[in-house]
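Asks: have a look; sequence and predicted model below, questions after that.
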Amino acid sequence: MLSKRVIPCLDVRDGRLTKGIRFRDNVDIGDPVETARVYYEEGADELVFYDITASHEGRGIMLKVVEEVAKQIFIPFSVGGGISTVADMRAVLLAGAEKVSVNSAAVKTPDIISEGAAAFGSQCIVVGMDVLRVPVTESIPSGYEIVIHGGRKHMGIDAIAWAKHVESLGAGELCVNSIDADGTRDGYELNLTRTIAEAVNIPVIASGGAGTPEHMADAITEGKASAALIASIVHYGEYSIRQCKEIMKSRGVKVRDVW
């Protein structure tokens with residue numbers, strides 16, 4: 001069995017680490033470069049960097065921050081936000097990232113997934129999915145809708161159908177973020193994570209809602225995720241990466257040991 005991954009998420013606005021609840025009321029909580037280094041040294045398996053306002057503001061990603069983070073860590077590093085072309089992907093990978101994450105751009109122009117996979121390999125292409133629970137309708141039979149621009153814009157696309165579609169286009173991994181759970185620290189949206197994980201044959205990262213390491217273990221065991229994305233519980237010093245892994249291991253989850 002493959003080890004399950006613990007992935008801290010660094011949301012960045014104007015070059016600073018930030019955190020909010022359901023994508024709102026963000027506050028400045030530190031330096032992303034310094035924080036990335038700490039998480040690497042604590043035993044994180046990967047890191048995710050999101051320039052959270054790049055797409056909404058219609059600008060490119062802050063490559064300087066990507067370059068500085070890449071100098072500090074020696075684990076896989078995924079970057080998202082403001083990536084809308086294959087050229088953007090190339091720039092991010094050349095800046096030091098191992099993977100690129102596309103979300104809004106993938107919804108607007110799905111060909112970017114297949115073009116990116118052809119250029120760099122599916123293993124480099126992560127499709128981020130921001131998902132909102134909505135009433136079941138003919139167009140949203142699962143009751144989960146894809147939204148973009150930080151949850152600001154509803155797209156009328158069923159999340160399960162979208163997951164299957166992006167897999168067929170060449171995505172190598174999905175990061176499934178529940179906007180309903182994001183930042184609440186009440187636990188991941190396990191039904192959403194499990195439903196998508198069972199619908200596709202590529203790894204699924206659970207995102208949104210982690211409040212304890214037990215929630216992370218639940219995402220793996222009940223949610224059938226391959227990895228747990230975390231933010232608040234480590235950003236605010238409540239748990240270290242080591243503590244998260246130790247508790248997950250006690251719950252029967254196989255994780256990479258921290259040396």
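Replies: It's in. Numbers count the residues shown, from 1 in each chain.
Asks: all contacts plus neighbour counts: C-alpha atoms, from now on.
Replies: OK.
Asks: where do the helices sit along the chain?
Replies: For the chain, helices defined by DSSP state H occupy the ranges 32-42, 54-57, 63-72, 86-94, 104-108, 111-120, 159-169, 190-199, 213-221, 232-235, 241-250.
Asks: among these, which comes closest to residue 179?
Replies: Residue 179 sits nearest to helix 190-199 of all the helices of the chain, at 11.2 Å, using CA to CA.
Asks: can you put the helices of the chain in a markdown table and add mean pLDDT, distance to residue 145 and mean neighbour count?
Replies: Converted to a markdown table, the helices of the chain look like this (pLDDT from 0 to 100; distance: least, CA to CA, whole Å; neighbours: other CA atoms under 10 Å):
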| stretch | mean pLDDT | distance to residue 145 | mean neighbour count |
| --- | --- | --- | --- |
| helix 32-42 | 90 | 31 | 19 |
| helix 54-57 | 53 | 19 | 16 |
| helix 63-72 | 88 | 30 | 18 |
| helix 86-94 | 95 | 26 | 18 |
| helix 104-108 | 93 | 12 | 20 |
| helix 111-120 | 98 | 20 | 19 |
| helix 159-169 | 98 | 5 | 19 |
| helix 190-199 | 98 | 11 | 19 |
| helix 213-221 | 98 | 20 | 23 |
| helix 232-235 | 88 | 25 | 21 |
| helix 241-250 | 96 | 30 | 19 |
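Asks: how about the ones you listed in TSV, adding distance to residue 131?
Replies: Formatted as TSV, the helices of the chain follow (distance: least, CA to CA, whole Å):
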stretch	distance to residue 131
helix 32-42	25
helix 54-57	17
helix 63-72	26
helix 86-94	23
helix 104-108	12
helix 111-120	19
helix 159-169	7
helix 190-199	9
helix 213-221	16
helix 232-235	19
helix 241-250	25
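Asks: residue 132: which of those helices is closest?
Replies: helix 159-169 (8.8 Å).
Asks: rewinding a little: which among the helices of the chain is found nearest to residue 146?
Replies: Nearest to residue 146, of these and by CA to CA, is helix 159-169 at 5.4 Å.
Asks: remind me what the closest one packs against, helices and strands.
Replies: Secondary-structure packing of helix 159-169 (3 or more CA pairs under 8 Å, 6 or more residues apart in numbering; DSSP states H and E): helix 111-120, strand 125-133, strand 144-148, helix 190-199.
Asks: dump the residue contacts of the spatially closest residue to residue 115 that is not a sequence neighbour.
Replies: Excluding the flanking residues, the one nearest residue 115 by CA to CA, 6 or more residues apart in numbering is residue 86, at 6.9 Å. Going by CA atoms under 8 Å, 6 or more residues apart in numbering, residue 86 touches 112, 115-116, 119.
Asks: cutoff 7 Å now
Replies: 112, 115-116 (CA atoms under 7 Å, 6 or more residues apart in numbering).
Asks: swap in residue 97?
Replies: Residue 97 neighbours (CA under 7 Å, 6+ apart): 70, 77-79.
Asks: adding distance to residue 49, write the helices and strands packed on helix 159-169 out as a markdown table.
Replies: Below are the helices and strands packed on helix 159-169 laid out as a markdown table (distance: least, CA to CA, whole Å):
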| stretch | distance to residue 49 |
| --- | --- |
| helix 111-120 | 19 |
| strand 125-133 | 12 |
| strand 144-148 | 17 |
| helix 190-199 | 21 |
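Asks: and residue 228, how close does it get to residue 108?
Replies: 27 Å (CA to CA, to the nearest Å).
Asks: any idea how far stretch 216-228 is from the chain center?
Replies: 14 Å (CA atoms, centre = their mean, to the nearest Å).
Asks: contacts for that stretch, please.
Replies: Counting by CA under 7 Å, 6+ apart, 4-7, 188, 190-191, 193-194, 197, 203-207, 210, 248, 251, 253 sit against stretch 216-228.
Asks: ok, stretch 247-258 next?
Replies: 3-5, 43, 213-214, 217, 242, 245.
Asks: from the residues you listed, pick the one nearest residue 149.
Replies: Using CA to CA, those come closest to residue 149 at residue 5, 26.6 Å.
Asks: for that closest one, the count of nearby residues, please.
Replies: By other CA atoms under 10 Å, 22 other residues sit near residue 5.
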